[in-house]
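**Student:** for reference, the sequence and a predicted model appear below.
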Number of protein chains: 2
Amino acid sequence: MEPGPPGSSGPVEPGPCLSGQRGADHAASASLQSAAGTEPGRHSLAVAAVLPAGGCGERMGVPTPKQFCSILERPLISYTLQALERVCWIKDIVVAVTGENMEVMKSIIQKYQHKRISLVEAGVTRHRSIFSGLKALAEDQLNSKLSKPEVVIIHDAVRPFVEEDVLLKVVTAAKEHGAAGAIRPLVSTVISPSADGCLDHSLERARHRASEMPQAFLFDVIYEAYQQCTDYDLEFGTECLQLALKYCRTKAKLVEGSPDLWKVTYKRDLYAAESIIKEIISQEICVVMDSKEDNKHVGHLLEEVLKSELNHVKVTSEALCHAGRHLQQIILDQCYNFVCVNVMTSDFQETQKLLSMLEESNLSILYPVVVVSVHFLDFKLVPPSQKMENLMQIKEFSKKVKERNILLYGLLISYPQDKGFRNTLKIIK
Amino acid sequence: MEPGPPGSSGPVEPGPCLSGQRGADHAASASLQSAAGTEPGRHSLAVAAVLPAGGCGERMGVPTPKQFCSILERPLISYTLQALERVCWIKDIVVAVTGENMEVMKSIIQKYQHKRISLVEAGVTRHRSIFSGLKALAEDQLNSKLSKPEVVIIHDAVRPFVEEDVLLKVVTAAKEHGAAGAIRPLVSTVISPSADGCLDHSLERARHRASEMPQAFLFDVIYEAYQQCTDYDLEFGTECLQLALKYCRTKAKLVEGSPDLWKVTYKRDLYAAESIIKEIISQEICVVMDSKEDNKHVGHLLEEVLKSELNHVKVTSEALCHAGRHLQQIILDQCYNFVCVNVMTSDFQETQKLLSMLEESNLSILYPVVVVSVHFLDFKLVPPSQKMENLMQIKEFSKKVKERNILLYGLLISYPQDKGFRNTLKIIK
């Protein structure tokens, strides 16, 4: 459950995109474009997303609508927006919120610096909210920054763990079939009650599926379906794929999804989401050093030892130099844990460089970033007073960057007294 | 989501039961017995439970079958057994486990002192496991300690949050209708795929329900159904209510259940279960004092202040005297947090009494019990050395009871220096 592979090109040519995007996944791009019947290089598939976020979260049992409930001090909806924003080929994200939550939503967008978000007013039902979002994307909107997409994704604000691969699958399938949606096996048997509250019949579990999100549609298909939709369906319907079927005779392609596509509905789901987010965040550590070319750089040794000691953690290393482009990518991919190895000077130059990059990136807006600054002191050469001075310096840095939600820790290793890195690991772990 | 009201009589007369059970819920008992057509006092409804626990937990993604996954260092199945054991009118609990897990299961029963548990060998499918459990309860078992129940409950080992009230409802309904089961509203729309992996049709969410546990049956009905059952159904069926319908023409009564009846299926469910368990455990504090009759007892003041400061916590108070019968009940009901107020002497007599009761009760086998021992010292009268001595004494106690999973903390309040309890609260909270 990593944050998702960067650089899958999705259904567009590598074009104007977030800076630092790694090279396109040419195979996927080419196969999609041949399916679209266009020549590579000529055509981009315009994709937008609509997020109904107007629910009141009754089943949660708390007054706050669930999409605004906090997980690790950040509203749930922000995590979902983060997941969608990371997919560079989703051009616009239209969120439908109730009038009374409009200001809250704007402040969330502002605070967490979400991009490509447009807000529309939600309706009284989920279908009406989605319709509202689709209208904003339709061609006949004057003075709108939004342009009509060819494919529109529909996704819930309360499903934060959506990844690029399933989005690509449903969009690709929608392009071909007109509609597509993620499905999951049923966990419970589904039954049909009779009027007297007794069992009428039960359904064969294996023959059915749970319909989840994301879903995707050719915009014209789903927009037409909503325009044709009866008030009854707008009021009581729960399934967009069903609208496409009923009003446009479009049979959606069903795409098997991962277990992580579940919807936060009950309080226990908030707990589960928090645990999963913590798990994701703790799964990557990046060792940063001034230069990677030096094979003997102690950072390489640290990387090896960390890899062997921390089995479930992805350990990478990056260099600060070369305008730190690769490091920029690591930051963009939202690694939150860094170990910065300072060898050049005693004034933590490498760490200061890393901290500047982090502060510029705004990564820590989303979640605290941890930086362990490692510094070596030759025990024989460096007097205790110098050590104290170094410690105080780190403390000063720490205080300053704490305001930017960066947690800086210092690790001073005096040698040759310390025997290698295994002692170090006891502290870092 | 409290551990459940003690003393609901369930469908039996208050009879041989766990010591300390509070008085019967006469209304429920009487209404059930009149439904059964018997005179109150003459008849007890014999109820047993069967727990299929032979699954391998594939969907969890870890090698350990989910029912044996630990939550707070205790296997999930132990929580479920704890929930069922607390219902004194369930006479026998038959658990079906695979041969290879038989020893593990026995050691769990031993370690956590579960009672009234019998083990049978699971089958290769859930239905076969349940059948195995039913056979053990049937009349024709020689040398069996088990007696045939009139009503049998079927429940999953991986649903730890079952409470007495829903068990009573399904058993009562089963007595009347022959079969009954808990149901929940659907969270996702259910769809039916066609052979080509596209949407064939979707089901109206409001017209269906998810079938959950517990379920209950007249023993003869469900046992007959299993005996008549085809191999195909035993192999592929997922719904016990369906067997009762198909083979015994018995239409189950459907009982609305709470959100907590969900099944631990995926890793996120373990996280959610852990959070819920922690929440339950932290929801009750009991203030223990030597005597409750003394209105001026400082314990009363503490109770009031705690109640006003900790909104979501149930705060009770109990006396150590009178053979501590009420306190025994509090312990039986599994309150895990105690504040013991010592006023009589300087040697923590009250706390020592409480610790003895706790050690006898075995409560801490299930989960650590926290005791905050509060002791007052008259600042002017008591020299600092006495204070130190008291602290050391608490440390000694702590060390000793830690082995029994009791976490003892000392709180020495010197007066008149400390201004009341609000300072105290900062420490306890």
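**Tutor:** Good, I have the coordinates. Residues are numbered from 1 along each chain as shown, chains lettered A, B, ... in the order given.
**Student:** on the three-state scheme, the most centrally placed residue in chain A is what?
**Tutor:** What sits nearest the mean C-alpha location of chain A, by CA atoms, centre = their mean, is A:Ala83, with 2.4 Å. Three-state assignment for A:Ala83 (DSSP: H, G, I helix; E, B strand; the rest coil): helix.
**Student:** and it, what is it in contact with?
**Tutor:** Applying CB atoms under 8 Å, 6 or more residues apart in numbering or on different chains to A:Ala83 gives the contacts A:Gly4, A:Pro160, A:Phe161, A:Val162, A:Glu163. (C-beta placed from N, C-alpha, C; glycine too.)
**Student:** the host helix or strand of A:Leu243 close to chain B?
**Tutor:** Using DSSP states H and E, A:Leu243 falls within helix A:240-248. Yes - against chain B, helix A:240-248 shows contacts by CB under 8 Å from any CB of the partner chain at A:Leu241, A:Gln242, A:Leu245.
**Student:** B:Ile109 versus the closest residue to the first one other than its chain neighbours, what's the distance?
**Tutor:** In space, A:Leu241 comes closest to A:Ala252 once its chain neighbours are excluded; the distance is 4.2 Å by CB to CB, 6 or more residues apart in numbering or on different chains. To B:Ile109, A:Ala252 is 49 Å away according to CB to CB, to the nearest Å.
**Student:** comparing the two, which residue is more hemmed in?
**Tutor:** Remark: of A:Ala252 and B:Ile109, A:Ala252 carries more neighbours, 31 against 18, as counted by other CB atoms under 10 Å in any protein chain shown.
**Student:** doesn't A:Ala244 make contact with that one?
**Tutor:** Yes - contact criterion CB atoms under 8 Å: A:Ala252 and A:Ala244 qualify, at 6.0 Å.
**Student:** need the overlap of contacts for these two.
**Tutor:** Here A:Ala252 and A:Ala244 have A:Gly178, A:Ala179 as joint contacts, going by CB under 8 Å, 6+ apart.
**Student:** what's across from A:Val287 in the sheet?
**Tutor:** Legend: beta-bridge partners of A:Val287 under DSSP bridges are A:Ser317, A:Val339.
**Student:** quick one, phi/psi of A:Leu377?
**Tutor:** A:Leu377 has phi and psi values of phi -130, psi 130 when expressed as degrees, to the nearest 10.
**Student:** quick one, what contacts the residue nearest to it when sequence neighbours are not counted?
**Tutor:** Take A:Leu377 and drop its neighbours on the chain: the residue closest to it by CB to CB, 6+ apart is A:Ser414, 4.9 Å away. Applying CB under 8 Å, 6+ apart to A:Ser414 gives the contacts A:Phe376, A:Leu377, A:Asp378, A:Phe379, A:Val382, A:Lys387.
**Student:** mind checking the SS state of the fifth one?
**Tutor:** It stands for A:Val382. Per three-state DSSP, the local secondary structure of A:Val382 is coil.
**Student:** and for it, the neighbour number?
**Tutor:** A:Val382: 16 neighbours (other CB under 10 Å).
**Student:** mind checking how far it is from B:Ile285?
**Tutor:** Here the distance between A:Val382 and B:Ile285 works out to 53 Å (CB to CB).
**Student:** cool, and the last one?
**Tutor:** For A:Lys387, the distance to B:Ile285 under the criterion CB to CB works out to 47 Å.
**Student:** please list all residues in contact with A:Glu350.
**Tutor:** Applying CB under 8 Å, 6+ apart, we find A:Glu350 in contact with A:Val288, A:Met289, A:Asp290, A:Leu320, A:Cys340, A:Val341, A:Asn342, A:Val343, A:Met344.
**Student:** rebuild the residues you listed as TSV, extending it with distance to B:Ser188, neighbour count and pLDDT.
**Tutor:** Formatted as TSV, the contacts of A:Glu350 follow (distance: CB to CB, whole Å; neighbours: other CB atoms under 10 Å in any protein chain shown; pLDDT from 0 to 100):
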residue	distance to B:Ser188	neighbour count	pLDDT
A:Val288	43	27	89
A:Met289	48	26	84
A:Asp290	51	20	79
A:Leu320	47	20	81
A:Cys340	45	25	91
A:Val341	48	26	88
A:Asn342	51	26	84
A:Val343	54	16	77
A:Met344	56	12	65
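**Student:** how many neighbours does A:Leu137 have?
**Tutor:** Other residues near A:Leu137 come to 24 when the count uses other CB under 10 Å.
**Student:** show me where the stretch 301-429 of chain A has its helices.
**Tutor:** A:325-332, A:349-361, A:384-402, A:421-428 (DSSP state H, counting those that start in this stretch).
**Student:** give me the mean pLDDT for the last one.
**Tutor:** Per-residue confidence for helix A:421-428 averages out to 43 on the pLDDT scale.
**Student:** and for the first one?
**Tutor:** For helix A:325-332, mean pLDDT is 76.
**Student:** now it - C-alpha only, PDB.
**Tutor:** Below are the C-alpha coordinates for helix A:325-332, written out as PDB (Å, rounded to 0.1, in the frame of the first residue of the first chain):
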ATOM      1  CA  ARG A 325      16.200  16.500  -8.900                       C
ATOM      2  CA  HIS A 326      15.800  12.900  -7.800                       C
ATOM      3  CA  LEU A 327      15.400  14.100  -4.200                       C
ATOM      4  CA  GLN A 328      12.700  16.500  -5.400                       C
ATOM      5  CA  GLN A 329      10.900  13.400  -6.700                       C
ATOM      6  CA  ILE A 330      11.200  11.600  -3.500                       C
ATOM      7  CA  ILE A 331       9.700  14.500  -1.700                       C
ATOM      8  CA  LEU A 332       7.000  14.800  -4.300                       C
END
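**Student:** angle of it against helix A:349-361?
**Tutor:** Using axes from the mean of the first three to the mean of the last three CA atoms, to 10 degrees, the inter-axis angle of helix A:325-332 relative to helix A:349-361 is 50 degrees.
**Student:** helices or strands up against helix A:325-332?
**Tutor:** Applying 3 or more CB pairs under 8 Å, 6 or more residues apart in numbering or on different chains; DSSP states H and E, we find helix A:325-332 packed against strand A:284-289, strand A:314-319, helix A:349-361.
**Student:** now do it: distance to the chain's middle.
**Tutor:** Counting by CA atoms, centre = their mean, to the nearest Å, helix A:325-332 is centred 16 Å from the centre of its parent chain.
**Student:** next, the buried residues of that helix.
**Tutor:** Neighbour-count burial for helix A:325-332 flags A:His326, A:Leu327, A:Gln328, A:Gln329, A:Ile330, A:Ile331, A:Leu332 (criterion: 16 or more other CB atoms under 10 Å in any protein chain shown).
**Student:** one more: the third one?
**Tutor:** By neighbour count, with 16+ other CB under 10 Å as the criterion, the buried positions of helix A:384-402 are A:Lys387, A:Asn390, A:Gln393, A:Ile394, A:Phe397, A:Ser398, A:Val401.
**Student:** what does the stretch 201-350 of chain A have sitting close to chain B?
**Tutor:** By CB under 8 Å from any CB, the part of the stretch 201-350 of chain A that sits against chain B consists of A:201-203, A:205-212, A:236, A:238-239, A:241-242, A:245, A:251-254, A:259, A:262-263, A:265-266, A:268-269, A:271-276.
**Student:** and the furthest pair within the contacts of A:Ala83?
**Tutor:** Spatial extent of these (CB to CB) is set by the pair A:Gly4 and A:Pro160 at 12.4 Å.
**Student:** any idea how many residues pack against A:Trp359?
**Tutor:** In this structure residue A:359 is Glu, not Trp. Neighbours of A:Glu359 (other CB under 10 Å): 16.
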